[in-house]
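Enquirer: With the input below, show me the fold.
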Amino acid sequence: MHASPTVKGKGKKQNALQKILLIGVGMPAAPNTLLSSPQLDLIADPHARSLLEEERGLRERCDKNRAALRKILREKSSCISEHAPKVNSFIAEITSTIDALVLKKDNLVAELDKLRSLQFELSNLRRDLRVLEHDISTLAQAARDAEVLLESEMCELKRMREEREARVGRMRFATVEQAEKELHRLERELAKAGDENCNTAVNLSRRTQAARARQERQEIAALDARVVAQDLRVEKCRAEIEARTAERQEKEEAKKTLKEHLQALNEDPAKREVQFSAVRSELAKVQQELAEALRRRKEKRPASNEMDSLQKEHDALVAEMQADDKRLADLRKQLPCRTFAYPPELKMALVGKGGATLEQLQVDFGVAVCIDGVENGCGFVFGGEADVNAAIVAIGEIIAAEEACSHKVALRYDAALRTHLIGKRGTNLRRIELESGAKLDVERDAVTLRGTQKAVEAARELVETFLKGQYRAEMPLLADEIPHVIGKNGTVINQMEKETGVRSLRVDREAQKIIAIGEQTRVEEAMRRYKELLADFRQSQPVAECDKTTQGDVAGSDGRTVQDVEAATGVFGLAKDSMISPSGTSQSAEAARVLPHKAQSTEARVPMERSLMQLLTTALVEVNRGPGGDNEEKGNWRFWRMKEPRRRARESERGGRGGGEERKATR
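Expert: Residues are numbered from 1 along each chain as shown. Presented below is the predicted three-dimensional model:
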């Protein structure tokens, strides 16, 4: 029995099942590459497991066959490398033969193309000659027809002229002009006679004469017009005859030129036909030799029994792998598989932290769930039908629960506050998540809040409250002010951070500035105090004069004395040439300024016997034994120098006890 998911009522379970099945409609089929075997082992259905066991065996055999195939390919490569010299020699020889035959073939084809071009040109010339002869014949016939037409038109013109002369001869007047004048005269007389005398015999005769004269004049005018038109037709026929004759002469000249060119090209037709036949025969022979050479290159390579054996094994393995692939495809079609869809942005909720949710889902229902290697937002469930349905219902509930918490808000913030928002080892981030119940995703300059609306609003209030307390201010510094701002071992900056209550005070040495982060009022107070401190530091810097010996006395052994002064007064001493410049506030610098005077040595010279020198401690004096050194019984003036600070310090350490004699004291 598998654990079933916790649901509130049967109706909710059915609704979730319907929802997840509905969004799975139209999904792609199961992928060709299934899950790995350990995940498929979670399937509890016997039939599905038997199919999967067979599928696993086929995949293992395919893997072995692929390994064997790779081995055969390696052996083939080795065999080819050994057999390659003979093959290369044969290929070089046959390739040379083929190249020569191809070159010869190309030459023959070029020669044959040349002969064909000549034949084609001769054919075109003969065709053009026939066209010209036909055109000349047509023009000759047209010229003859035009001459016949011209003769007919001239006869008609002659007849018209004769008719006109006959009509003019029948008139009472010698010329047409005289008839015109007589007609005008009669018309004027009739006009003068008027209407009273219009019926008299004389007037009637005159009127008849005038009408007859007018009619004759009109007939002669019409006849003249016909004569002119006929004359034009005659001229047109003559022009057409002349044009036809000129065109025919041009065609005759072209025909003559074309015949000459044809005779020049076709000097020896029999020889050309023989040459054409010889080229075609030679080309057929070369093509046959070339086909034989290509066949030899393909079939008669140097034989290799080992290569043939490897090729047979290769073909057998390929055939077996193809059969296995076909069987695998059939098995994958038989596998009980259901598809589902989900919002892509909720994939992590379905997978869970480290894949825990998805793994627990597969263990509880005895199924295998695949959401990787497929389209985003799609998934597959493999297993028994009941187990798959239950798993799909559970997936629907997970998605529904996550959708209820899918409220999301993004807040922008200063990227410099990212580490403060997260906190040390994420403590601040976890605190906000625990208090609000929302999930926070912190990016470089934005934080995304996810969860229910109430949780997101609570987280938003907490984040905004935190960011309000992250006011940031900066103040530039000089290079020599940085140690004073920080203090010895950070004492000044730590004390300032503690007194003002700012969240963070730090000095950026490269940018030469101090950065404060916290509430605005506290940050402004810290900046105000630092401004006062730096103003006092820049205005007060006493200088004390001293010699080089005093500088060494001020520093002390291994710098202990100056360290004690820095700790006591809060200043930093800078010794250069014969000057000591303590840096700090006016009070601390004034307190440290008297140090060189106290550290100066007091010196006195007194004569002394050698025996008394043994009573002085080496910590108190420096002994000069005089010019004689250790070999002299008695030296000149001896002197000693009391060093007050060292003497007091060493007396306190040794308790006033004396030491042995020091032959030579070094500074």
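
Enquirer: Longest helix of this structure, counting residues only.
Expert: Scanning the chain for the helix with the most residues, using DSSP state H, yields helix 46-170.

Enquirer: Could you name the helices and strands sitting against the host helix or strand of V456?
Expert: Per DSSP states H and E, V456 falls inside helix 453-468. Judged by 3 or more Cβ pairs under 8 Å, 6 or more residues apart in numbering; DSSP states H and E, helix 453-468 is in contact with strand 407-412, helix 418-422, helix 427-436, strand 446-451. Yep, even glycine has a C-beta here, placed from its N, CA and C like the rest.

Enquirer: These: which one's closest to D45?
Expert: strand 446-451 (36.8 Å; Cβ to Cβ).

Enquirer: got the buried residues for that closest one?
Expert: Neighbour-count burial for strand 446-451, with 16 or more other Cβ atoms under 10 Å as criterion, is recorded at 447, 449-451.

Enquirer: Does anything pack onto the longest helix of the chain? Which helices or strands?
Expert: When contacts are defined as 3+ Cβ pairs under 8 Å, 6+ apart, helix 46-170 sits against helix 37-40, helix 201-265, helix 269-299, helix 305-334.

Enquirer: JSON lines please, covering these and showing distance to S77 and mean pLDDT.
Expert: Below are the helices and strands packed on helix 46-170 laid out as JSON lines (distance: least, Cβ to Cβ, whole Å; pLDDT from 0 to 100):
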{"stretch": "helix 37-40", "distance to S77": "33", "mean pLDDT": "54"}
{"stretch": "helix 201-265", "distance to S77": "63", "mean pLDDT": "81"}
{"stretch": "helix 269-299", "distance to S77": "22", "mean pLDDT": "85"}
{"stretch": "helix 305-334", "distance to S77": "10", "mean pLDDT": "84"}
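
Enquirer: So for S81, which of these sits nearest?
Expert: Taking Cβ to Cβ, helix 305-334 is the member of those nearest to S81, at 11.4 Å.

Enquirer: And the next helix or strand past that closest one?
Expert: That would be, after helix 305-334 and using DSSP H and E, strand 337-341.

Enquirer: helices or strands next to that next one in the packing?
Expert: If you count contacts as 3+ Cβ pairs under 8 Å, 6+ apart, strand 337-341 packs onto strand 378-382, helix 385-404.

Enquirer: picking up where we left off before, specify the stretch among the helices and strands packed on helix 453-468 that is closest to N65.
Expert: Of all those, strand 446-451 comes closest under Cβ to Cβ, at 49.2 Å.

Enquirer: contacting residues around the closest one?
Expert: By Cβ atoms under 8 Å, 6 or more residues apart in numbering, the residues outside strand 446-451 that reach it are 405-413, 421, 436-441, 456, 459-460, 463.

Enquirer: could you redo the last one with a cut-off of 10 Å?
Expert: Applying Cβ atoms under 10 Å, 6 or more residues apart in numbering, the contact partners of strand 446-451 are 345, 349, 402, 404-413, 415, 418, 421-422, 429, 432-433, 436-442, 455-460, 462-463, 467.

Enquirer: And the buried ones among these, selectable in PyMOL?
Expert: Buried subset of the contacts of strand 446-451, written as a PyMOL selection, criterion 16+ other Cβ under 10 Å:
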select buried, resi 349+402+405+407+409+413+421+422+429+432+433+436+438+440+442+455+456+457+458+459+460+462+463+467
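
Enquirer: unless I'm mixing things up, D135 is touching E247, no?
Expert: Yes - the pair D135 and E247 qualifies as a contact (Cβ atoms under 10 Å) at a distance of 8.3 Å.

Enquirer: re earlier: how much does the longest helix of the chain deviate in direction from strand 378-382?
Expert: Helix 46-170 runs at 140 degrees relative to strand 378-382, counting by axes from the mean of the first three to the mean of the last three Cα atoms, to 10 degrees.

Enquirer: Regarding L42, what is its secondary structure?
Expert: L42 falls in the coil class when you classify it by DSSP: H, G, I helix; E, B strand; the rest coil.

Enquirer: Quick check: closest non-adjacent residue to it.
Expert: Of all residues not flanking L42 in the chain, Q362 sits nearest, at 4.6 Å (Cβ to Cβ, 6 or more residues apart in numbering).

Enquirer: Surely that neighbour touches V381?
Expert: Yes - at 9.1 Å, Q362 and V381 qualify as touching, with contact defined as Cβ under 10 Å.

Enquirer: overlap in contacts of those two?
Expert: Counting by Cβ under 10 Å, 6+ apart, the residues touching both Q362 and V381 are 43, 368-369, 387, 391.

Enquirer: Could you single out the nearest of these to R185?
Expert: Ranked by distance to R185 (Cβ to Cβ), the shared contacts of Q362 and V381 are led by V369 at 135.8 Å.

Enquirer: For burial, what's the neighbour tally of that closest one?
Expert: Look at V369: counted by other Cβ atoms under 10 Å, it has 26 neighbours.

Enquirer: Next: Q215.
Expert: Neighbours of Q215 under the rule other Cβ under 10 Å: 10.

Enquirer: How about G423?
Expert: Counted with other Cβ under 10 Å, the neighbours of G423 add up to 14.

Enquirer: Excluding chain neighbours, what is closest to it?
Expert: Spatial nearest neighbour of G423, excluding adjacent residues (Cβ to Cβ, 6+ apart): L429 at 6.0 Å.

Enquirer: Pretty sure that neighbour sits against L421.
Expert: Yes - between L429 and L421 a contact is recorded at 7.0 Å, counting by Cβ under 10 Å.

Enquirer: joint contacts of those two?
Expert: Counting by Cβ under 10 Å, 6+ apart, the residues touching both L429 and L421 are 440, 442, 447, 463.

Enquirer: out of those residues, who's nearest A319?
Expert: Lowest distance from A319 to the shared contacts of L429 and L421 (Cβ to Cβ) belongs to V442, with 58.2 Å.
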